[in-house]
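A.B. asks: Generate coordinates for the sequence data below:
(chains A and B)
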Amino acid sequence: MKSPAGISIRSKTWSDRLVVFFPALILIVLFVSVVHDYSLERRLVMMRYLLFVLSGILAFILPYISFPDSASRLFQLANLPSGRLIKEYIGRHRVVWGTGAMLIVVTALADERGLTADFPGQLMLLGYGILFLAGIYLYASCCYLKIGKNSQEWQEGEKGRNIRRQLAEIAKYPIDPGSIPSLISSVKIALLGMMAVVAGALAFGAGGPAGEFMAALLLFLFGLNRIYAVRRYADRFFYQTQAFFSEFFGVAGGPDSEQEPLKAEQLWWIPPRWKVHGWALMLQMDRKMPSGRFVAAGHLFIWILAYQDAGSALMLISWILFGILHHGLLLLTASPDIAPKWWLRNLDSPGNWSAVRLCIQVRWLLPLMLSMSIMKGLFSLFNWTDLGLTAGIYLLAGAVISLLISYRYERRWAN
Amino acid sequence: MEKAILQVQKVTKQYRAGKVVFTDISETFYPGDAVLLKGPNGSGKTTFLKLLSVNTFPTGGSVFYGDLDIHRYPYRYLKNVGLVHDEEALPQHLSAVELLTWILHSRGLRDEESVKEMTGIFEHLELDDARYDEIGTYSTGMKKKTQIAAALICKPAVLILDEPLRGLDRSSTGRTLDLFRSAVSRGALILMASHARADEDDLFKRVMTFPL
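C.D. replies: Residues are numbered from 1 along each chain as shown, chains lettered A, B, ... in the order given. Purely as a prediction, here's the structure:
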């Protein structure tokens, strides 16, 4: 955020940026390595799958990276108008839509043959992808900007209380009713994106590339219409959703949860030296965000993709992408709410905290490998080397992100 | 009869069903009121102030600034409000002067008098040369003074202050209360939660004791 005098309010260091851009860079390189010799037809198929996946990611990830916004107190001091609040809100997601847009550019244009007769078609494909992404993103961001009111009603009302009780007693599955509107929105957004991909493919059959382009244009106009509709009252929506998520992740959460808290002894895969640190961080991470549900949704999404007969290259990229995305959860441990600086510094060295963070992430590796192995057995999409490659990239990305998060504090203290 | 500036009408707040902070409360505040919120930790003072600063939304009921429902029109309401939040949340790499400049710019209030007014507030709070240093280098008390200056610089009609005296020494506390006194004398409403000994000050004619 820049002041009129060009002053930066949200200060970010190079390591903050690197933590976010490193996974994006890996993805871009991976995509270039896959699509560099693709024909226009294969690029189109790849683009559809990419948009399919991006719709799913946007559907799940936006509320977690949007709220609570630690800068909201500053927004109040400056009393930002609705337009500026929307700009700030959209700016917070730039890593998501920015990475998505880069992948679309690569899928459409990265071509080892340089400029060919396909180039006009590639440009149209690029336009299709960007319009589609913009449309689904605008729709998703509007849904989540407005979600505070419904979420609060579910969280604080009697209906929510009854659901909480029933789920705990009957299904033995604790869930905060305030999260139900977000779950519904996730499904709505993912379905809209997937249906729009299918509708675009049908339009391609009827009217060629222009038909599919028009489908994306319609989605974009729909998204634009949604953002226009919320623009006038964005201040109300922003502060209400901000208030809800601040309470949801703070005072409204926790103590009466029916779920048995995690115990340090359960973390069998973490060496004793780091076990208690890992336990303390995981307890907080899981209370702040339902990581298990998030990961399970990702698995489900990739399996849906596999049933669409996506090619082996795309499936492998999806698994690698999903593996890297797991480490986004580590960003929670960069928050002073979960890991205050004094706590990190007094209890251990950055090297040890890096190891703790990596150990925490290892918990998702087994389900990842298991799911991939089953898919390998059923669809013969990859070989054991691919599994090894995915595990290797998963661990490497986890290690790099853990190191970056852990040492950024050390550097700040030194300053 | 004087017209109310802020009206709390039958407000209930619960963080989830059964976890009630207060139920059906109604309060009226007038221009020039200085209200001290007292009570033990966890009694609802901060929630009440968050409600009035649009940082929490009521489960039921409404709060009006004049005729304006503050939770429906936060931007229009916040134009008239100065805030000292419970969490400091200040940008670490700006100086206090830059922060206030940014606030005035953003609110469209910066004019030729601004520098003079900023200087006046900072000098009164004894935040002298340090006001040009980055906030990240400040002590707790200096950060609190920056928050107070940020709340006062816009000459708001309503001042919502959550523990503004925490971390201030005796002299700074007195000087801060002087600034609040002058805000009240120009007709501002002050709502302040404090564990410091502000209740001994003659500024606060009204005390709200929590839990309500």
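
A.B. asks: for chain B, which spans come out with low pLDDT?
C.D. replies: B:1, B:197-200 (pLDDT under 70).

A.B. asks: The stretch 151-300 of chain A too?
C.D. replies: A:164, A:167-175, A:251-260.

A.B. asks: same thing but at 80, please
C.D. replies: Low-confidence segments of the stretch 151-300 of chain A (pLDDT under 80): A:158-176, A:249-262, A:287-290, A:293-294, A:297.

A.B. asks: give me the number of residues near the residue of it found nearest chain B?
C.D. replies: The nearest approach of the stretch 151-300 of chain A to chain B comes at A:R161, 3.3 Å away (Cβ to the nearest Cβ). For glycine as for every other residue, the C-beta is placed from the backbone atoms N, C-alpha and C. Counted with other Cβ atoms under 10 Å in any protein chain shown, the neighbours of A:R161 add up to 18.

A.B. asks: OK, contacts around it?
C.D. replies: Contacts for A:R161 were tallied using Cβ atoms under 8 Å, 6 or more residues apart in numbering or on different chains; they are A:177, B:16-18.

A.B. asks: and the gap between the closest residue in space to B:H195 that isn't next to it in sequence and B:H85?
C.D. replies: Closest residue in space to B:H195, ignoring its immediate chain neighbours: B:E163 at 6.9 Å, by Cβ to Cβ, 6 or more residues apart in numbering or on different chains. Computed with Cβ to Cβ, to the nearest Å, the distance linking B:E163 and B:H85 is 10 Å.

A.B. asks: A:W303 too?
C.D. replies: 45 Å.

A.B. asks: between those two, which one's more packed in?
C.D. replies: B:H85 (25 against 13).

A.B. asks: tally of neighbours for the residue nearest to the more buried one when sequence neighbours are not counted?
C.D. replies: The shortest distance from B:H85 to any non-neighbouring residue, by Cβ to Cβ, 6+ apart, is to A:R73 (4.8 Å). For A:R73, the tally of surrounding residues (other Cβ under 10 Å) stands at 19.

A.B. asks: So A:R73, which state does it fall into?
C.D. replies: helix (DSSP: H, G, I helix; E, B strand; the rest coil).

A.B. asks: Verify the stated contact: it with B:A89.
C.D. replies: Yes. Counting by Cβ atoms under 8 Å, A:R73 does reach B:A89; the two are 3.9 Å apart.

A.B. asks: Quick check: A:M124 touching A:P209?
C.D. replies: Yes. Counting by Cβ under 8 Å, A:M124 does reach A:P209; the two are 5.2 Å apart.

A.B. asks: what's the closest non-adjacent residue to A:K376?
C.D. replies: A:F382 (5.5 Å).

A.B. asks: Run through the residues that contact the one you found.
C.D. replies: A:F382 sits next to A:312, A:315-316, A:372, A:375-376 when contact means Cβ under 8 Å, 6+ apart.

A.B. asks: Tell me the one of these nearest chain B?
C.D. replies: Nearest to chain B among the contacts of A:F382, with distances taken as Cβ to the nearest Cβ, is A:M372, at 38.9 Å.

A.B. asks: where does that closest one land on pLDDT?
C.D. replies: The model reports A:M372 with a pLDDT of 94.

A.B. asks: For it, what is the enclosing helix or strand?
C.D. replies: helix A:365-379 (DSSP states H and E).

A.B. asks: Identify the residues contacting that helix?
C.D. replies: If you take Cβ under 8 Å, 6+ apart as the criterion, helix A:365-379 is touched by A:295, A:299, A:302-303, A:306, A:315, A:319, A:322-323, A:326, A:381-383, A:386-387, A:390-391, A:394-395.

A.B. asks: now the end-to-end length of stretch B:65-81.
C.D. replies: Chord length of stretch B:65-81, first to last residue, is 10 Å (Cα to Cα, to the nearest Å).

A.B. asks: What residues does chain B have near chain A?
C.D. replies: Applying Cβ under 8 Å from any Cβ of the partner chain, one finds that chain B approaches chain A through B:14-19, B:50, B:53-57, B:59, B:71-75, B:78-79, B:81, B:83, B:85, B:87, B:89-94, B:98, B:101-103, B:105-107, B:150-151.

A.B. asks: Would you write a ChimeraX line that selects the buried entries of the contacts of A:R161?
C.D. replies: Filtering these down to the buried ones (16 or more other Cβ atoms under 10 Å in any protein chain shown) takes a single ChimeraX command:
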select /A:177 /B:16,17
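
A.B. asks: Take the contacts of A:R161 and write them to TSV, including distance to A:L218 and secondary structure.
C.D. replies: Formatted as TSV, the contacts of A:R161 follow (distance: Cβ to Cβ, whole Å; DSSP: H, G, I helix; E, B strand; the rest coil):
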residue	distance to A:L218	secondary structure
A:P177	35	helix
B:R16	41	strand
B:A17	42	coil
B:G18	46	coil
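
A.B. asks: Please list only the buried members of the residues of chain B next to chain A.
C.D. replies: B:14-17, B:50, B:53-57, B:59, B:71, B:73-75, B:78-79, B:81, B:83, B:85, B:90-91, B:94, B:98, B:101-103, B:105-107, B:150-151.

A.B. asks: Mind checking which of the residues you listed are in helices?
C.D. replies: Taking DSSP state H as the definition of helices, those contribute B:50, B:74-75, B:78, B:98, B:101-103, B:105-106, B:150-151.
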